[in-house]
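# Provided below are the primary sequence and the corresponding predicted coordinates.
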Amino acid sequence: MSLSNVAPKDQFHKKRRVFHATATSPYITLPPPCSTLSVLSSQLPTKSEARKRKMQSLQQKASEWSGVDPNDAFAIDETNLFEKLGLQTFINLSTNFYNRVYDDEEEWFRSIFSNSSKEDAIRNQYEFFVQRMGGPNLYSQRKGDTALISRHRTFPVTHKAAERWLHHMQQALDSAADIDEDSKTRMKKFFRHTAFFLVAGVELKNQNKGTGCKNCSHH
Ligand code: HEM
């Protein structure tokens, strides 16, 4: 076999990313039998499968760390909270929450928000809540994909930060006279689960940054 013979196949395999010749072993460029190829490709998860597995693993961690069962976390979807509560209630809740965050005596937590204006943070949050809890897509119309993990990746979303975030949200909810008890319970569970989902997601993103592994699902 001459090298010129293998060149086109070599190109082909480079494209397929199955095998490629190296300077020391030009002869491994013969194509494997079709059956081998199909076995190889059937073992590789597709992008959407990898994504699904990654999400499942994050949801599992979120449940474990938060102590909230997924069924309870997503009980916000059993009733339309936006229709029940209305826009102003969500504006009030986010205003109440961020007043507490920006006034937090714990400097380490307050400083996480120092690059955002309180007004922007309030609007981002209530538009997301409205959208997620059955209302119009205010958030996505203005900002696109919600992509919560990506949007939090530059912040230190640790277990401790999640507990502090939840402390303020709990207080904001407890002091909200315009929200009924059942809705409060549903929201608290959703927030607790989501906060730890973000802790797990940001942790994974930061780990993958070092390895260049975008679709890892083993953490
Ligand atoms: C776990 C602790 C958390 C920390 C430390 C944290 C921190 C932050 C910070 C610093 C911002 C930037 C403020 C802004 O400009 O909007 C932000 C934005 C946001 N957060 Fe969180 N967050 C946490 C949990 C959550 C949870 C549980 C939710 C949802 C239930 C949430 C939803 C949002 C949304 C929708 C935005 C706006 C994102 C954007 O438009 O860029 N966060 N968060």
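Arrived safely, thanks for sending. Predicted model, so just to flag it, every value in this text is computed and none were measured. Residues are numbered from 1 along each chain as shown.
# can you give me the mean pLDDT across the helix or strand where S48 lies?
Secondary structure assignment for S48, by DSSP states H and E: helix 47-66. Per-region confidence: helix 47-66 scores 95 on mean pLDDT.
# Show me what the next helix or strand after it is packed up against.
With elements assigned by DSSP H and E, the helix or strand that comes after helix 47-66 is helix 70-73. Applying 3 or more CB pairs under 8 Å, 6 or more residues apart in numbering; DSSP states H and E, we find helix 70-73 packed against helix 47-66, helix 181-211. (Each C-beta comes from the backbone N, C-alpha and C, glycine too.)
# So R164 is in contact with D104, correct?
Yes: counting by CB atoms under 8 Å, R164 touches D104, with 7.5 Å between them.
# and this structure, which residues reach the ligand?
Applying CB under 6 Å from any ligand atom, we find that the chain lies next to the ligand at 112-113, 116, 120-121, 124-125, 128, 143, 148, 151-152, 155, 157, 161-162, 165, 191, 194-195, 198.
# can you rerun that using 8 Å?
Proximity of the chain to the ligand is confined to 109, 112-113, 115-117, 120-121, 124-125, 127-129, 132, 139, 143, 146, 148, 151-152, 155-158, 161-162, 164-166, 169, 190-191, 194-199 under the rule CB under 8 Å from any ligand atom.
# Out of the helices and strands packed on helix 70-73, indicate the one that is most buried.
Sort the helices and strands packed on helix 70-73 by mean neighbour count, taking mean count of other CB atoms under 10 Å, and helix 181-211 sits at the top with a mean of 18.
# starting at the chain centroid, how far to that helix?
Relative to its parent chain, helix 181-211 has a centroid offset of 8 Å by CA atoms, centre = their mean, to the nearest Å.
# can you give me the helices in this structure?
Counting by DSSP state H, the chain has these helices, from start to end: 3-16, 34-43, 47-66, 70-73, 81-85, 87-102, 107-110, 118-132, 138-143, 148-152, 159-174, 181-211.
# centroid residue for this protein?
Taking CA atoms, centre = their mean, the centroid of the chain lies closest to I149, which sits 3.3 Å from it.
# Just list the residues touching the nearest residue to that one once chain neighbours are set aside, thanks.
Closest residue to I149 apart from its sequence neighbours, by CB to CB, 6 or more residues apart in numbering: G201 at 3.5 Å. Under the criterion of CB atoms under 8 Å, 6 or more residues apart in numbering, the neighbours of G201 are L58, L148, I149, H152.
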